[in-house]
Every structure is written in structure tokens, then in C-alpha cells.
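Colleague: based on what follows, work out the 3D shape:
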Amino acid sequence: MVKLSHENFIKARNYIFANSDDINRAWFRYNFEGEDTVAFMDALAKYQHEDGGFGGIFYEFDYQGSCLKSTEIAIGYILSLKIKPSADHPVIQSMMKYILERYHSEIGNWGDPAVPEVNDGIHNHWVRYRGDVIIPIESENVRIKKYDANEKVCFAAFVVLYSELVPNELYQDIVKYPIEYILRYYDKNSPNFKKEIFDEGSPYDFEYFQWFVPCLKDKEIADKLTAILSQNPTAFMELDYAKSDNEYVHLPCDAIDSPNNIIYPAVKDLVDDSLEYRIKQQSEDGRWRLGWSFGESEGFRKLHNLYEASRTMKILAELGRFGRVER
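Modeller: As a prediction, this is how the structure comes out:
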């Protein structure tokens, strides 16, 4: 098994501490210095606003206020904790209030993950605010058919994880759409199977569903959804690893970031091979670089640098989960 050498681990650590922010430093300490959930949640709480949403932990725009997009990042951290904070944790309670207030039952989903203020500052075009015009959908079947998991089903995952904080009727409304969408449109044995999802789709829905399914408390339905998602697990993965040197692509290890991932058994060899490729991509200064630039302005360069430091921490944490770090 190829591992990141101790020397290169230290280089990555030093790069993160020199170039990143407090949350990434806290994430390093959590992953490599004791897995202290309380200490990490204390660090995460500093990025939570009074309304319960998060800001300042997403590096593709410079807006620091609360929005669903930054709150998504906070959920990703919480889902990765080995010991989750309890439902009575003030961060969790305030966060749930923020998320539920922004749910639209008339479409069975959340709206735009960004807010208008994002467009006023430095931002990459793919994360701009696109306008949050919510048009009610009367038919439940149409709401299911139009379900958009990208950037949104993670909020359903949080709702499932802390279901005791959610009124039962609202809980059932939130979870039925992602569950039914997978059952109807991802399952190749379903009469409603949408082949175009796999022929033309992006990896995001598939990867976000991997956040949602493990949180489900109904093991029977979770196992069924896992089996469906495992039917065609490489559809959204780039298997020509060299493309990741200069292009934005998702290697198997980018989609499957933990040996506990529900899809890992179906693609174990590919994930292991791509982890070795990622190890070899580390730069001399310890970072994992992007193969492209956000932009040439000072603001874009600042975001780019923060993104690379965060990416370095994300890859380092993943290598740690897979036992790929010499320490």
C-alpha cells in the first residue's frame, strides 16, 4: 500500500497552518490530534451567524454572511465527525432552525443555496446567486420528478440525522422526495428509470445522495437505496486519472472519501488506485494544487489560495481515514 510519507505529511500540515484559516486548522487537529468533537464544534461555532446559518467557510466566493451554501459545508464537517454532537447542542439547534425556515414544501426542496449578496463580491460564476423564484408544484409526483439533489439533499441528511428536532409531518415531507427520486429514477429495474441521468448527468447528485442515505434510520430502505446507487457507481467518475492534473474532474477517491462510504465496496480497487495517484500529485511545498486558476485579480487569487489550502486539508483527512499516512 502506497502511503503519504511522514515528511510529506509534515509539509502538508505546515502548508495548511501557514495558508489556511482557523476552521481548517481545527479540522487538522480533529483528524490528527485526538478527534475532539467538542473542540471542533467550538471552532465551527465561530462561523455561525445569529440566524443559525454559516458563512466564511466556502472559498469560491468572498461573501462572509450566512447562506445555505456555507451551511452545507458545515453539514459536511458534522457528518464526518466520528462522534456527532447531540441534538441539544446550541449550534445544532440554531442550524436546524435556519435550515427548516428555508425549506419550501410547495416544491419539496430548498431554493438557491446562494444569496443575492454573493453576486456583489468576488465570486466564481458557477456559484453565483441565480434568483430564488419559487414556483409551487401542485403534483407530488412532479415534485419528485423535478427533485434537485445538488447542494440541497445534504439539508435533508441533516434533518434525518437530527430528526428529533423536526415535526414529524414536516420530516416525512422532506425525506420522501430524495427517497422516491432514487427509487423511481436511479433504479435500472424501475419502469421510470432515467438512463440520461447516467449518460448526461453530473456527479453532484450522486455524491450528495451518499451524504443522505447513511443517515436514514430505516435500515431496510437505506440498504435498498444503497443497492440502487451501487448499480452504476463509476458513471460519474473519471477513470483517466491524468486528466485530474489540469482539469476539474472527480476521481473515484473524490467521490468516495471514506472506507465507511456506502459505495466503497463496489469500487474499492478504483478508489485505492486513485488515492495512490492523488498522493503522487502533492507539490513540493506540501499542497495539492488546482490545475486551473480562479482568476487574476487579487481577490480571486486570495480565494484560490484558500481553496487550495482547504483542498489540501480535505485530501489529507481522506488519506488519514484510509490509513494512507505515515506518522
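
Colleague: now for Pro90, how many residues are close by?
Modeller: 12 (other C-beta atoms under 10 Å). Every C-beta, even on glycine, is put in place using the N, C-alpha and C of the backbone.

Colleague: next one: the one 10 residues further on
Modeller: A total of 18 residues lie near Leu100 under the criterion other C-beta under 10 Å.

Colleague: for it, pull up the helix or strand it's in.
Modeller: Element membership for Leu100, per DSSP states H and E: helix 90-101.

Colleague: can you tell me what sits against that helix?
Modeller: Helix 90-101 is contacted from outside by 41, 44-45, 48, 51-54, 66, 68, 71, 74, 78, 85-87, 110, 155, 158-159, 162, 165-166, 170, using C-beta atoms under 8 Å, 6 or more residues apart in numbering.

Colleague: swap the cut-off to 10 Å and go again
Modeller: With contact meaning C-beta atoms under 10 Å, 6 or more residues apart in numbering, helix 90-101 is reached by 41-42, 44-45, 47-54, 66-68, 71-72, 74-75, 78, 84-87, 89, 110, 154-156, 158-159, 161-162, 164-167, 170-171, 174.

Colleague: just the buried ones among the residues you listed, please.
Modeller: Applying 16 or more other C-beta atoms under 10 Å to the contacts of helix 90-101, the neighbour count classes 41, 44, 47-49, 52-54, 66-68, 71-72, 74-75, 78, 85, 89, 110, 154-156, 158-159, 161-162, 165-166, 171, 174 as buried.

Colleague: which residues touch the helix or strand hosting Cys253?
Modeller: Assigned by DSSP H and E, Cys253 belongs to helix 252-255. For helix 252-255, contacts defined as C-beta under 10 Å, 6+ apart pick out 203, 206-207, 210, 233-234, 236-239, 241, 244, 261, 263-264, 267-279, 314-315, 318-319, 322, 324.

Colleague: for the record, mean pLDDT for that helix?
Modeller: Average pLDDT, helix 252-255: 97.

Colleague: shaky segments in this structure?
Modeller: Along the chain, no part satisfies pLDDT under 70.

Colleague: and the strands in it?
Modeller: Under the criterion DSSP state E, the chain contains strands at 103-104, 109-110.

Colleague: got JSON lines for those, with distance to Tyr15 too?
Modeller: JSON lines is the format used below for these (distance: least, C-beta to C-beta, whole Å):
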{"stretch": "strand 103-104", "distance to Tyr15": "39"}
{"stretch": "strand 109-110", "distance to Tyr15": "35"}
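
Colleague: nearest to Asp148, of these?
Modeller: strand 109-110 (6.1 Å; C-beta to C-beta).

Colleague: the closest one pairs with which strands?
Modeller: Strand pairing for strand 109-110, using DSSP bridges, gives strand 103-104 (antiparallel).

Colleague: which residues touch the strand it pairs with?
Modeller: By C-beta under 10 Å, 6+ apart, strand 103-104 touches 109-111, 132, 134-137, 152, 155-156, 159, 166, 170, 173-174.

Colleague: tell me how far that strand is from the chain's mean position?
Modeller: Chain-centre distance of strand 103-104: 20 Å, with C-alpha atoms, centre = their mean, to the nearest Å.

Colleague: what of stretch 274-292?
Modeller: In this view, stretch 274-292 has its centroid 20 Å away from the chain centroid, taken as C-alpha atoms, centre = their mean.

Colleague: right, I'll call it a day here.
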